[in-house]
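Participant: predicted model and sequence below, questions to follow.
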Amino acid sequence: MNMTPHDKLRKLQNILSESGAAAVALSGGTDSIFLVSVASGISALDLMAVTVSTPYMFTAEVQEAAEFCNMYGVKHREIKMDIPGSVTGNPPDRCYLCKKEVMKAVRRAAGESGISTVFDGTNADDVRDFRPGMKALEELSIRSPLLEAGLTKEEIRMLAREAGLAVSDKPSNACLLTRFPHDTPIRTNDLRRAEEAENLLARLGFSGSRIRVHGELARIECRKEHFAEIMADEMRSTIVSALKDMGYRYITVDFEGYRSGSMNKNN
């Protein structure tokens, strides 16, 4: 029998209720926000949300995670973590290495509060994609209740809209390390500049765009329906001027448009 999204939601609530106490890794994205919102409504659950703030996370998402927990009365702990040494060279397995360090930090925080169960926001669609970080979840015995309940990204968005969550239509994002080629030394100021550039594009109406950084060159990946508008003379001039003021020397628009994982070596 096919389960409806609401059937899956009830299954999720049962999973959370049966755990008794849990720490949820809260990144500030749609999936983890939705998971914490559902968990906060389970009276039988002793809940703590943990956000590991790294230089390659978007500043706004860290702030949104804290604001959300404050609004919902959820116990929240923010852990600041520098770029792990294993990740500073942006190796091809960076997602696995990063996830391992981040979830170790979440598990330590949970243990300090006497909590043995740790949840993350992996959903049912993630297993169909290339997600090397999932190996780290398995190694650290991190559970993914959204995945266990069979909830897909679109179902999560639908249920989040019904719950009135502002993140329901938030574009999917990935950490700022994905804006740089593999085997490129990563510096914090380069990460902040890429974040600033993408925030500029979003303010101009091109949400969901990516800045791919190749040294002094900034390559813009935008949705294909934005091509005409982004290439209009006045808009193009505005973007070029702003990005050059940020320190980029060459500005290009990728005619293939936005595509997930375009900086991976096999793409």
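Facilitator: Everything's here; your move. Bear in mind the structure is a predicted one, so any value in this text is a computation, not a measurement. Residues are numbered from 1 along each chain as shown.
Participant: mind listing what Leu12 touches?
Facilitator: When contacts are counted by Cβ atoms under 8 Å, 6 or more residues apart in numbering, Leu12 touches Val38, Pro145, Leu146, Glu148, Ala149, Leu151. C-beta: built from backbone N, CA, C; applies to glycine.
Participant: okay, now the last one: neighbour count?
Facilitator: Burial of Leu151, expressed as a neighbour count using other Cβ atoms under 10 Å, amounts to 27.
Participant: got the contact list for it?
Facilitator: Pro5, Lys8, Leu9, Leu12, Asn123, Ala124, Leu159.
Participant: so what's it closest to, chain neighbours aside?
Facilitator: Lys8 (5.0 Å; Cβ to Cβ, 6 or more residues apart in numbering).
Participant: which element is the one you found on?
Facilitator: Per DSSP states H and E, Lys8 falls inside helix 5-19.
Participant: any idea of the mean pLDDT for that helix?
Facilitator: Mean pLDDT, helix 5-19: 97.
Participant: how far does it sit from its chain's centre?
Facilitator: Mean-position distance between helix 5-19 and its chain equals 23 Å (Cα atoms, centre = their mean, to the nearest Å).
Participant: what residues of that helix count as buried?
Facilitator: By 16 or more other Cβ atoms under 10 Å, the buried positions in helix 5-19 come out as Pro5, Lys8, Leu9, Lys11, Leu12, Gln13, Ile15, Leu16, Ser19.
Participant: in a markdown table, list the residues you listed along with distance to Ile230.
Facilitator: Below are the buried residues of helix 5-19 laid out as a markdown table (distance: Cβ to Cβ, whole Å):
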| residue | distance to Ile230 |
| --- | --- |
| Pro5 | 35 |
| Lys8 | 38 |
| Leu9 | 38 |
| Lys11 | 43 |
| Leu12 | 39 |
| Gln13 | 43 |
| Ile15 | 43 |
| Leu16 | 43 |
| Ser19 | 46 |
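Participant: which other helices and strands does the top helix by length along the chain contact?
Facilitator: Using DSSP state H, we find that the single longest helix of the chain is helix 94-112. Where contact means 3 or more Cβ pairs under 8 Å, 6 or more residues apart in numbering; DSSP states H and E, helix 94-112 is packed against strand 21-25, strand 46-53, strand 75-80, strand 118-119, helix 133-139.
Participant: what lies in contact with it?
Facilitator: With Cβ under 8 Å, 6+ apart as the criterion, helix 94-112 contacts 22-23, 25, 48, 50, 52, 54, 77, 79, 81, 84, 86-87, 91, 116-118, 120, 131-137, 139-140, 142, 175, 177, 182.
Participant: ok, now which ones touch Phe206?
Facilitator: For Phe206, the contacting residues are Cys222, Arg223, His226, Glu229, Ile230, by Cβ under 8 Å, 6+ apart.
Participant: one more pass at 10 Å, please.
Facilitator: Phe206 makes contact with Glu198, Leu200, Ile220, Cys222, Arg223, His226, Glu229, Ile230, Met235, Ile239, Tyr258 under the criterion Cβ atoms under 10 Å, 6 or more residues apart in numbering.
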